[in-house]
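**Q** just to be clear, the model below is a prediction. Sequence and coordinates:
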Amino acid sequence: MKLLAASAVDAPALAAIHAAAFPPGAAWSAGTIATLLGLDGVVGLHAAGGFILARRVLDEAEILTLAVHPDYRQQGIGQALVETAALAVAAAGAKVMFLEVAEDNAPALALYTKAGFARAGRRRDYYAPGVHAWLLRRSLEA
Ligand SMILES: CC(C)(COP(=O)(O)OP(=O)(O)OC[C@H]1O[C@@H](n2cnc3c(N)ncnc32)[C@H](O)[C@@H]1OP(=O)(O)O)[C@@H](O)C(=O)NCCC(=O)NCCS
């Protein structure tokens, strides 16, 4: 599978994937994605049908978003994006990686558990009133 570094010119294509992957109202615009890709420490990777954005600040990193188009799911793309982003931020100095995921998002929870993330906290009403999130953490140290 071919993974490429994402840049601002990819933002419209990535926004289309995001819109197909997330419910209406949760989609990120091309402008938002382009802005994030321009920030210090942000790593963007894309594959056919999917992309990930992660941000490193000093020795901590966070997955900002992960999206795989429904037509491309369950082919290992999400897992490859997470693993490659983890390697990239670790190479830049991150020792730990965090993310928030809705506690009812079974596919994502399964993916992240398989990728070595574990629960580190719970954020009530994180996405909306009554839609809570797990904070997940993975060490990037050998
Ligand atoms: C979550 C998401 C990124 C998974 O992408 P994907 O490319 O289909 O995932 P992969 O094929 O790499 O799957 C890796 C592992 O995740 C788990 N998984 C993925 N989809 C699953 C599903 N529908 N049900 C249960 N487990 C699932 C499995 O453990 C799988 O390993 P396996 O194939 O050995 O069983 C994708 O479903 C998606 O974009 N969802 C909407 C957006 C989203 O929820 N993003 C994450 C927000 S934090």
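**A** Received, thanks. Numbering: from 1, shown residues only.
**Q** now do the one residue in the chain that gets nearest to the ligand against Val9, distance only.
**A** Going by CB to the nearest ligand atom, the ligand is nearest to Gly78 of the chain, at 2.6 Å. To be clear about C-beta, it is placed using only N, CA and C from the backbone, and glycine gets the same treatment. Per CB to CB, to the nearest Å, Gly78 is found 23 Å from Val9.
**Q** with neighbour numbers in mind, choose between the two.
**A** Gly78 (25 against 9; other CB atoms under 10 Å).
**Q** and that one, what element?
**A** helix 77-91 (DSSP states H and E).
**Q** how about the strands in the chain?
**A** Remark: strands assigned in the chain by DSSP state E are 4-5, 42-47, 50-57, 60-68, 96-102, 118-128, 131-139.
**Q** so can I have JSON lines of these showing distance to the ligand?
**A** Output for the strands of the chain, formatted as JSON lines (distance: least, CB to the nearest ligand atom, whole Å):
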{"stretch": "strand 4-5", "distance to the ligand": "16"}
{"stretch": "strand 42-47", "distance to the ligand": "9"}
{"stretch": "strand 50-57", "distance to the ligand": "6"}
{"stretch": "strand 60-68", "distance to the ligand": "4"}
{"stretch": "strand 96-102", "distance to the ligand": "4"}
{"stretch": "strand 118-128", "distance to the ligand": "10"}
{"stretch": "strand 131-139", "distance to the ligand": "9"}
